[in-house]
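Undergrad: Structure of the sequence below:
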Amino acid sequence: MAGHSKWKGIKHKKAIVDAQRGKAFSKVIRELTAAARIGGGSPDANPRLRLAIVKAREVNLPKDTLEKAIKRGTGDLPGQAYEEMVIEGYGPGGVAILVEALSDNKNRTSAEIRSLFSRHEGNLAGAGSVSWIFQKKGLITLPAKGLDEERLMNSVLEAGAEDLKIEGEQAVVTTDPHALESVKQALQAGGFTIDTAELTMVPSSTVRVEDPGRAKLLLTLLDVLEENEDSQHVYANFDIPDALLAEHVGA
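TA: The predicted structure follows:
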């Protein structure tokens, strides 16, 4: 999972940078609206909305825009209705890919995602073909440099975390989805610096991709899938060497 979790951290930071140029607002607004529509407009009673608000603040979404997005979800303001979609497929090297989307036209979105897969040596798969590999988890990453690993372990386990791994320059804490907020608060109370805290889909197994050409094709496919307007989250079970990840990011 090392390459997978590191890639998610890279994409998280890139999203914040992109948002400074207005690129990420659309995705954040859709998630706020969908979360409010499904679970109500109170973040205290709606964990998904609470996380969406955190993401919105990270990318500096204006408060007025945030509030309007929630009100469109609850029906207090008129607005576009988005439907949730899960699209499954395989990328170069046989890597499993799961795309979560919010769309106002499911036929259009399906066609666009299919085209992206086919143009980058991937292919779509039937429902259930890929999703069984992934489990919804809370995932928290912290910088590993100078970290007191024993104190961190004690803090996260007492708060209800499931696992802690040190992967290179990053510490990765895995939680049950319902325990994400309590573990995050425990880490903050303990003075730990958190890079990311999110609900994600964690693969039960990974596919090692060491060939530079295949790795580049795969990472390019993941890039274009994440850049698609309707795509909200993209998950994949790859394990790519850090050097190849760094080369792709720097390209």
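
Undergrad: model confidence over the host helix or strand of Ala111, on average?
TA: Ala111 is part of helix 106-119 when elements are defined by DSSP states H and E. Mean per-residue pLDDT for helix 106-119: 96.

Undergrad: Look at Asn105 and say how many residues are nearby.
TA: When neighbours are defined as other CB atoms under 10 Å, Asn105 has 12 of them. To be clear about C-beta, it is placed using only N, CA and C from the backbone, and glycine gets the same treatment.

Undergrad: Hmm, I typed the wrong one, I wanted Trp132.
TA: Neighbourhood size, Trp132 [other CB under 10 Å]: 10.

Undergrad: just to revisit the earlier point, centre of the chain to the helix holding Ala111, how far?
TA: Relative to its parent chain, helix 106-119 has a centroid offset of 20 Å by CA atoms, centre = their mean, to the nearest Å.

Undergrad: Can you list the buried residues in the very next helix or strand once past that helix?
TA: Following helix 106-119 in sequence order, the next helix or strand is strand 123-125 (DSSP H and E). Within strand 123-125, the residues that count as buried by 16 or more other CB atoms under 10 Å are Leu124, Ala125.

Undergrad: ditto for stretch 202-211
TA: Buried residues in stretch 202-211 (16+ other CB under 10 Å): Val202, Pro203, Thr206, Val207, Val209.

Undergrad: Kindly report the same for stretch 79-91.
TA: Tyr82, Met85, Ile87, Glu88, Gly89, Tyr90, Gly91.

Undergrad: follow-up on the earlier one: quick check, nearest of the buried residues of stretch 202-211 to Ala69?
TA: Distance from Ala69 was checked for each of those by CB to CB. The minimum falls on Val202, at 27.9 Å.

Undergrad: Which parts of the stretch 1-150 of the chain are strands?
TA: In the stretch 1-150 of the chain, the strands defined using DSSP state E, counting those that start in this stretch lie at 83-91, 95-103, 123-125, 134-143.

Undergrad: So for the second one, mean pLDDT?
TA: Right, the one you point to is strand 95-103. Regarding strand 95-103, the rounded mean pLDDT is 94.
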